[in-house]
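Enquirer: What follows is a predicted protein model with its sequence.
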Amino acid sequence: MTKSLTMSLIVLAAAASASAQTKFTMSGKCSKPDVQQVVPSGDAPDHMMSLTQGKCVPTKAAEIGGSPSKESTFTEHGEVMGPNSKVNGMYVDTLANGEKVYYSYESTAVVQAGVLQSMQNKWKIVGGTSKLKGIKGQGTCTGKGAPEGGLTFDCTGEYTLPK
């Protein structure tokens, strides 16, 4: 009986000390990229490599550690083959309190006539500043191209604050 009670207390203590995951959603708009370089790969006429950087603003802000998203930047590199593209990038979310959250992501997208039609990605939170150093998280996003060349997106995920 004592052994059983001791094991139960150890399990409860471990569960209580584990950081809770917080689920969240966010939506936003990214403007037409500030920097966009596309160069042909040389092996096929519709095969290109890209480097892109731009800015985003929330339309439904995420709240991380009690502070909402204020503005973000993204930087990505990728490969375009015909209408399909794959990119890897970093998304830096600046919160209203000035702290930052760093996300890495991998996206696939469909592009027609140079205009983004749809996008989906998987992301991970890889760090943050100040009180958010050590934050972890993961989730997914979907998006659509905007007529002016930007993007609208919706994301869901979860994060765990550092101890």
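Expert: In hand now; what should we look at?

Enquirer: all strands for this protein, in order.
Expert: Listed in chain order, the strands found in the chain under DSSP state E are 21-30, 35-40, 47-60, 63-64, 67-81, 84-95, 100-112, 115-128, 136-145, 151-160.

Enquirer: so what's Ser85 up against?
Expert: Ser50, Gly78, Glu79, Ser107, Thr108, Ala109, Val110, Val111 (CB atoms under 8 Å, 6 or more residues apart in numbering). C-beta coordinates here come from the backbone N, C-alpha and C atoms, glycine included.

Enquirer: And for the first one, the neighbour number?
Expert: Taking other CB atoms under 10 Å as the neighbour definition, Ser50 ends up with a count of 16.

Enquirer: now it: how far from Val35?
Expert: 10 Å (CB to CB, to the nearest Å).

Enquirer: any idea how far Gly28 is from Ser118?
Expert: Distance from Ser118 to Gly28, by CB to CB: 16 Å.

Enquirer: higher neighbour count, those two?
Expert: A side-by-side neighbour count of Ser118 and Gly28, using other CB under 10 Å, places Gly28 first with 23 against 14.

Enquirer: For that one, give the beta-bridge partners.
Expert: Pro58, Phe153 (DSSP bridges).

Enquirer: how close does it get to Lys100?
Expert: 16 Å.

Enquirer: just the buried members of the contacts of Ser85?
Expert: Neighbour counting with 16 or more other CB atoms under 10 Å marks Ser50, Gly78, Ser107, Ala109, Val111 as buried within those.

Enquirer: List the residues that contact the third one.
Expert: Pointing back at Ser107 there. Counting by CB under 8 Å, 6+ apart, the residues that Ser107 touches are Glu76, Gly78, Ser85, Lys86, Val87, Asn88, Gly89, Met119, Gln120, Asn121, Cys141.

Enquirer: how does it look with 7 Å?
Expert: By CB atoms under 7 Å, 6 or more residues apart in numbering, the residues touching Ser107 are Val87, Met119, Gln120, Asn121.

Enquirer: Likewise for the first one?
Expert: Counting by CB under 7 Å, 6+ apart, Ser50 touches Gln37, Val38, His77, Gly78, Val80.

Enquirer: Also the fourth one?
Expert: Listed by CB under 7 Å, 6+ apart, the contact partners of Ala109 are Ser85, Leu116, Ser118, Met119.

Enquirer: again, but for Val39
Expert: Met48, Met49.

Enquirer: how about a cut-off of 6 Å?
Expert: Going by CB atoms under 6 Å, 6 or more residues apart in numbering, Val39 touches Met49.
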